[in-house]
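[1] The sequence and its predicted three-dimensional model are supplied below.
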Amino acid sequence: MSAIENIQPVDTGMLRFSSAGSVDDGKSTLIGRLLYDTKAIFEDQLSSIEKSTKRRGQAGIDLSLLTDGLLAEREQGITIDVAYRYFATPSRKFIIADTPGHEQYTRNMVTGASTADLAIVLVDARKGLLTQSRRHAYIASLLRIPHVVLAVNKMDLVDYSQQVFDDIRTAFDGFVRDLDFYRVDALPMSALQGDMVVGRGENLPWYRGSTLLEILESAEVARSAVHGKLFFPVQLVSRPGDSGVEGARGYAGRIESGSIGVGDAITVLPSGQTSRVREVRTFEGAVGRAQAPQSVTVVLEDQLDISRGEVLATTGSLLVVAREFDATLCWLATEPFNRGRRYLIKQGTRVVKALFGSPQYRTNVNTLVQEPADTFALNDIGLISVKTAQPIAFEPYRSNRSAGSFIVIDETNNNTVAAGLIQ
């Protein structure tokens, strides 16, 4: 059984999801349709889009302009950056990441989808399943997004053919069978006409499944954050008295996974010091227990020497503490990876010096073939060994996305050059 299958689904009331597809598959129009039909657009925004549409010589409203906010995107008609949008229905809140579809913007898709609980892979019904569609599904699987939705768009341009939809769905099901998703949905739609996005429309009577909005509203947030092991990176150590408890230090930060409560036995990693929780405080005051992703201040029964970057973990359910591990890197910088350069890694709130070995392989994101590699260039994804100057506390990314991820920083210029997933 896979790690994702072991995750207990939890509905937190808010869903983070990403959309991805090839150029001109209609990602931005789809998001615009969702916002428009759920009445999540302000009147001034709508007026601006209407004027922009008219200037481009088009009739009606070009809904894609709601997310294609950059001038360069509007001029080229493509999405080159990650556009975040927020909307809500009576049943839940949503955060959307509209990610780029072109191969040269793989890094943008990785960063945009890294916190998503659901991924929409958009496919043009006329073109069928493309190499880029497979790449988007692979990256969603790599990022451990548990739920993927295949949205077969532009059904209006293939006469709403059920056979076209069935053929694409069958091909997609065959590809993702080994990608370890918790749930896969497929639906036909026309973002331009609004069929099966928010309303059902009248053009797809043969499709009996849910609309896209119904899938989003009912999707379970299956991340391991709440039910995973406690991973509480200390961000700030407050002086005695500033913690809200007289004579006691407070350790502030965000609970990245798991929960912490009064009386819990705590081990500090990597130092191994132990104590018990005396008090947990939020912005609203003391609470008996708090869970991810709350920000809290923890007061312990003992006055321990704890500094920023150390991790509070539950005694008896500890994370791995090590200086060496393998990791999948997505290279984000224009300057390629160079073993001779000095790099730092930031995991949680801890920053340590790191040495990287030679790349073990680079994954061809179009064919999924693991190819030999001497370096990593922009948008490359591959496996590499890492050795840190000091030990860090972590879990493999596949079982804990927060405790298993890090960024790589070039020490000479402080630029973030890669994102890492611990194996």
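    Yes, it's here. Every value quoted in this text rests on a predicted model; they were computed, and no experiment measured them.
[2] For residue 307, see how far away residue 280 is.
    20 Å (Cβ to Cβ, to the nearest Å). Just so you know, the C-beta spots here come from the backbone N, C-alpha and C atoms, and that holds for glycine as well.
[3] Residue 97 too?
    Plainly put, residue 97 is 34 Å away from residue 307 if you go by Cβ to Cβ.
[4] Look at these two and report which has more neighbours.
    Relative neighbour count places residue 97 above the other of residue 97 and residue 307, with 24 against 12, counting by other Cβ atoms under 10 Å.
[5] List of residues touching the longest helix seen in the chain?
    Using DSSP state H to define each element, the chain has its longest helix at helix 162-176. For helix 162-176, contacts defined as Cβ atoms under 8 Å, 6 or more residues apart in numbering pick out 121, 123, 125, 128-129, 133-134, 137, 141, 148, 150, 152, 155, 158, 184, 186, 188, 206-207.
[6] again, 6 Å this time
    If you take Cβ atoms under 6 Å, 6 or more residues apart in numbering as the criterion, helix 162-176 is touched by 123, 125, 128-129, 134, 137, 150, 152, 158, 184, 186, 188, 206.
[7] Same question for stretch 199-219.
    Taking Cβ under 6 Å, 6+ apart as the rule, stretch 199-219 contacts 15, 91-92, 118, 147, 160, 162, 185, 187-188, 195-198.
[8] rewinding a little: which members of the contacts of helix 162-176 are classed as buried?
    If you count burial by 16 or more other Cβ atoms under 10 Å, the buried members of the contacts of helix 162-176 come out as 123, 125, 129, 134, 137, 150, 152, 158, 184, 186, 188.
[9] Give me the secondary structure label for the fifth one.
    The three-state label given to residue 137 by DSSP: H, G, I helix; E, B strand; the rest coil is helix.
[10] Next one: it relative to residue 186, how far apart?
    Per Cβ to Cβ, residue 137 is found 12 Å from residue 186.
[11] Break the protein down into its domains, please.
    Domain assignment for the chain by automatic domain parsing gives 3-218, 232-314, 320-422.
[12] Between the ones you listed, which one is closest to residue 225.
    domain 232-314 (4.1 Å; Cβ to Cβ).
[13] Report the distance from that closest one to the chain centre.
    Relative to the chain's own centre, domain 232-314 is displaced by 26 Å; criterion: Cα atoms, centre = their mean, to the nearest Å.
[14] Show me what the mean pLDDT comes to for that domain.
    The average pLDDT within domain 232-314 is 91.
[15] Start and end of it, how far apart?
    Start-to-end span of domain 232-314 (Cα to Cα, to the nearest Å) is 10 Å.
[16] Tell me which helix or strand residue 213 sits in.
    helix 212-218 (DSSP states H and E).
[17] Just the CA trace of stretch 400-417, in CSV.
    Taking Å, rounded to 0.1, in the frame of the first residue of the first chain, the C-alpha atoms of stretch 400-417 are listed here in CSV:
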residue,chain,number,x,y,z
ASN,A,400,5.5,14.3,5.3
ARG,A,401,5.6,17.1,2.7
SER,A,402,6.6,19.7,5.3
ALA,A,403,9.3,17.8,7.1
GLY,A,404,10.7,16.4,3.8
SER,A,405,11.2,19.5,1.7
PHE,A,406,13.9,22.2,1.6
ILE,A,407,15.3,24.9,-0.6
VAL,A,408,18.9,25.3,-1.9
ILE,A,409,20.5,28.7,-1.5
ASP,A,410,23.7,29.8,-3.3
GLU,A,411,25.9,31.1,-0.5
THR,A,412,27.7,33.6,-2.6
ASN,A,413,24.7,35.6,-3.7
ASN,A,414,21.9,34.3,-1.4
ASN,A,415,19.7,33.3,-4.4
THR,A,416,17.4,30.3,-4.1
VAL,A,417,18.5,27.9,-6.8
